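*Asks:* Test case, fold it:
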Amino acid sequence: MKSLLYFRRTLSFSSQFRSDKPSSRNTFLKSNIKDSIITRLCEQKKFKEAIDILCEQKLIEEAVQLLDHIDRPSALVYSTLIQVCLRHRALEEGRRVHAHTKASNFVPGVFLSNRLLDMYTKCGSLVDAQVVFDEMGNRDLCSWNTMIAGYAKVGQLENARKLFDQMPERDSFSWTALISGYVRHDRPKEAMELFRMMQERQNSKLNEFTLSSVLAASAAIPCLRFGKEIHGYIMRTGLNLDNVLQSTLMDMYGKCGGLKEARGIFDQMVGRDVVSWTAMIDRYFKDGRREEGFALFRDLMGSGVRPNEYTFAGVLNACADNAAEDLGKEVHGHMTRVGYDPYSFAISTLVHLYSRCGNMENAIKVFNQMSRPDLVSWTALIVGYAQNGQPEKALHFFELLLKSGTQPDQITFIGVLSACNHAGLVDKGLEYFYSIKEKYGLMHTADHYACVIDLLARSGRFKEAESIIDKMPIKPDKFLWASLLGGCRIHGNLELAQRSAKALFEIEPENPATYITLANIYASAGMWSEVAKVRKDMDNRGIVKKPGKSWIEIKRQVHVFLVGDTSHPESKDIHEFLGELSKKMKEEGYVPDTNFVLHDVEEEQKEQNLSYHSEKLAVAFGIISTPPGTTIKVFKNLRTCVDCHTAIKYISKIAKRKIIVRDSNRFHCFEEGSCSCKDYW
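*Replies:* Numbers count the residues shown, from 1 in each chain. As a prediction, the model looks like this:
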């Protein structure tokens, strides 16, 4: 025994003793004093006291070894060792203590068996726990609850439910353990059914833990009526509404569409923490109420509560989704002022924000400030360059990613394939596509297939596209067929367009985009009777074309335009300016592209229909509202049409402006009569 204890300490003797620091010498002296105490205790056979000291020093292995020197360990000794194994999650040592009880013919009572159950379940060994449970001659409520909670926590819900149904009696913990297990593992309906059963059979008052789990189930379904029912119960019974229960209620209302009620609870909360603020702000954004989300974020800035990286990331993502670059810059400035963790994932969100807003200068600036860019940052930069008409840079940064030792994932390859797509690099794109599986061992996703089909269809390589579709191991989705239909529109492939449209009609028969694209293809071919059939089919189904809208932000105010819009206060000036531009454009050689105008009307009327598309109105307003030389940045919810693309090239040259248009597909940067997409889009 002496040699065992002293040998362990001797290993670190020289390094401890050589230190000139008084604290190191003191630590060394204290440890030697403890060793001598343990040795004396063992000589006096005061093993319990020795074990206590070793456990205090976290020398669990040595403490367990002392069992071999005790003739008949007491229940207290075993209990102490099991408890310390539980506390430090020392599973192997815990197994040795358990084995020792069997070897010494010690029969543990219910209390000690429950400690073993607790130790095994919390150390992740449910097999050992089940063995102990099965061997127990007597079990109490704690025994059953420990096993049910253990199974429920790891998702073995069938085993948990089997025990739950077998147990002779239940308390609130029994019900809550299983209900929370169902919620945690995405089975909210079963959680609610079990709660209904609990209400029928359990007479005791519900506690906040049960109610929090049930509210989470209501949020996951979502079911506002049931959530309100639980809220009503809380109010009637006068249960203490602490911050946890209030946060759960707020989350339930937010996810169930009761944003007004969620805000009401938020406003009532005392001592709101950053988690509550972040959750409420995030809920506004997810509900599409960005102005209220941004307003609440500004309230947070003045509240004295310090935002965390989740807050910043949520607001920045909302800025990216809404192209609110100016507000994103404000948030960036605030992050800089308060100081932020350079390894925070919020920094990756900054790269994403600037990329999505077409500001690649700022995106690369933020990226270069990162000492160790993560995969999210690399991917955001690659996708950003691809969408902003700089595919060569996108592929360059992909090669740098590989050289950095960072492994690309499936999302990264979506950016890479998009870059090839925008640049028309068909063979290079195919090479990357096949490397996903062959070189990097990743599975092809539906998005990868959609990208490669888009790549082939845009370039008119339809036979290769059909070959890949026919051989792919997963069912083609709507994005793939839409990509193929888009390629058919470019090249006028009627037969394949009809096949693609048929597949899309089966997948999403209510989507107007398919009808409109097919009608455009027929219109381009002069097949007006077919156009009429498509339009009649839309009318019969009650399908309405999604209106194209464009918006531009001037002096922090967003101005939205629809096709032919005359509601804007400066509508008269906008239309007059467009009329002047139209004359100058035609003098420069512009010819309106009426191929895709749906109605079979005179050419003059077709030109009139094209003249007031939403992006043209937004661009015109931007020019007349800003000083000469100011860059114009317009956003559109749909893909910009061919005629508008051509027209804006002329406008950029005549007005001597850089004009950036982000449509639903990518950025187009118009300058001096040309576009960054090189007319391949």
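*Asks:* Mind telling me what element the residue lying closest to Q202 once chain neighbours are set aside is part of?
*Replies:* In this structure, Q202 finds its nearest non-sequential neighbour in W175, 6.4 Å apart by Cβ to Cβ, 6 or more residues apart in numbering. Every residue, glycine included, has its C-beta placed from N, CA and C. Assigned by DSSP states H and E, W175 falls within helix 172-184.
*Asks:* Show me what the mean pLDDT comes to for the helix or strand harbouring A320.
*Replies:* Element membership for A320, per DSSP H and E: helix 309-321. Taken as a whole, helix 309-321 has an average pLDDT of 91.
*Asks:* Please save the CA atoms from that helix in CSV.
*Replies:* Only the C-alpha atoms of helix 309-321 are listed here, as CSV (Å, rounded to 0.1, in the frame of the first residue of the first chain):
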residue,chain,number,x,y,z
GLU,A,309,-23.1,36.1,-30.5
TYR,A,310,-26.5,34.4,-31.1
THR,A,311,-28.1,37.9,-30.9
PHE,A,312,-25.7,39.3,-33.4
ALA,A,313,-25.9,36.3,-35.7
GLY,A,314,-29.7,36.4,-35.8
VAL,A,315,-29.9,40.1,-36.6
LEU,A,316,-27.2,39.8,-39.2
ASN,A,317,-28.9,36.9,-40.9
ALA,A,318,-32.1,38.9,-41.0
CYS,A,319,-30.2,41.8,-42.5
ALA,A,320,-28.8,39.4,-45.1
ASP,A,321,-32.3,38.0,-45.9
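*Asks:* Next, the buried residues of the helix or strand that that helix is followed by.
*Replies:* Using DSSP H and E, the helix or strand that follows helix 309-321 towards the C-terminus is helix 325-338. For helix 325-338, burial by neighbour count (16 or more other Cβ atoms under 10 Å) applies to E325, L327, G328, K329, E330, V331, H332, M335.
*Asks:* Stretch 474-491 now?
*Replies:* 476, 478-491.
*Asks:* what does that stretch rub up against?
*Replies:* Residues outside stretch 474-491 that contact it (Cβ atoms under 8 Å, 6 or more residues apart in numbering): 444, 446-447, 449-451, 453-454, 456-458, 460, 462, 465, 469, 493-494, 496-497, 500-501, 503-504, 507-508, 511, 513-514, 517-518, 520-521, 524.
*Asks:* about what we covered before: quick check: which helices or strands does whichever helix or strand comes after the helix holding W175 pack against?
*Replies:* As assigned by DSSP H and E, the chain's next helix or strand after helix 172-184 is helix 188-201. Applying 3 or more Cβ pairs under 8 Å, 6 or more residues apart in numbering; DSSP states H and E, one finds that helix 188-201 contacts helix 172-184, helix 208-220.
*Asks:* got a list of contacts for helix 188-201?
*Replies:* By Cβ under 8 Å, 6+ apart, the residues outside helix 188-201 that reach it are 157, 175, 178-180, 182-183, 210, 213-214, 216-218, 220-221, 223, 226.
*Asks:* Mind listing what's buried along it?
*Replies:* P188, E190, A191, M192, L194, F195, M198.
*Asks:* ok, the fifth one to Y233 distance?
*Replies:* Computed with Cβ to Cβ, to the nearest Å, the distance linking L194 and Y233 is 16 Å.
*Asks:* likewise the second one?
*Replies:* Between E190 and Y233 the computed distance is 20 Å (Cβ to Cβ).
*Asks:* what's the answer for the fourth one, then?
*Replies:* With the distance defined as Cβ to Cβ, M192 ends up 14 Å from Y233.
*Asks:* cool, the first one as well?
*Replies:* Taking Cβ to Cβ as the measure, P188 falls 18 Å from Y233.
*Asks:* lowest confidence element among the helices and strands of this structure?
*Replies:* helix 13-18 (a mean of 32; mean pLDDT, DSSP states H and E).
*Asks:* circling back to that earlier point, from the buried residues of stretch 474-491, pick the one nearest A313.
*Replies:* F479 (26.4 Å; Cβ to Cβ).
*Asks:* what's the helix or strand for the closest one?
*Replies:* Judged by DSSP H and E, F479 forms part of helix 478-491.
*Asks:* Give me the buried stretch members for the helix or strand just after that helix, please.
*Replies:* Next helix or strand after helix 478-491 toward the C-terminus (DSSP H and E): helix 494-507. Across helix 494-507, burial judged by 16+ other Cβ under 10 Å covers L494, L496, A497, Q498, R499, S500, A501, A503, L504, F505.
*Asks:* Any chance of CSV for those, columns pLDDT?
*Replies:* Listed next are the buried residues of helix 494-507 as CSV, based on pLDDT from 0 to 100:
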residue, pLDDT
L494, 94
L496, 95
A497, 95
Q498, 95
R499, 95
S500, 96
A501, 95
A503, 95
L504, 95
F505, 94
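*Asks:* right, and out of those, which lies closest to H352?
*Replies:* Within these, the smallest distance to H352 is 29.9 Å, found for L504 (Cβ to Cβ).
*Asks:* With E510 as the reference, measure out to the residue lying closest to P509 once chain neighbours are set aside.
*Replies:* Spatial nearest neighbour of P509, excluding adjacent residues (Cβ to Cβ, 6+ apart): R541 at 7.2 Å. For R541, the distance to E510 (Cβ to Cβ) stands at 7 Å.
*Asks:* just to revisit the earlier point, just put the helices and strands packed on helix 188-201 in TSV and tack on distance to D573.
*Replies:* Listed next are these as TSV, based on distance: least, Cβ to Cβ, whole Å:
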stretch	distance to D573
helix 172-184	58
helix 208-220	49
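*Asks:* Reformat those helices as JSON lines; add mean pLDDT.
*Replies:* What follows is those, written out as JSON lines (pLDDT from 0 to 100):
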{"stretch": "helix 172-184", "mean pLDDT": "95"}
{"stretch": "helix 208-220", "mean pLDDT": "93"}
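*Asks:* what's around M538, how many residues?
*Replies:* 17 (other Cβ atoms under 10 Å).
*Asks:* you'd agree G629 is up against I623?
*Replies:* No - at 10.8 Å, G629 and I623 do not qualify as touching, with contact defined as Cβ atoms under 8 Å.
*Asks:* Pull up the overlap in contacts between these two.
*Replies:* R657.
*Asks:* Who has more neighbours out of those two?
*Replies:* I623 (22 against 9).
*Asks:* contacting residues around that one?
*Replies:* I623 neighbours (Cβ under 8 Å, 6+ apart): F577, I632, I651, A655, R657.
*Asks:* and the residue lying closest to the fourth one once chain neighbours are set aside, which of the three is it?
*Replies:* This points to A655. If the residues on either side of it in the chain are set aside, A655 comes closest to I623, at 5.3 Å by Cβ to Cβ, 6+ apart. At I623 the chain is in helix, as set by DSSP: H, G, I helix; E, B strand; the rest coil.
*Asks:* just checking, F670 is part of a strand?
*Replies:* Yes - F670 sits within a strand when classified using three-state DSSP.
*Asks:* That one and N362, how far apart?
*Replies:* F670 is 20 Å from N362, by Cβ to Cβ.
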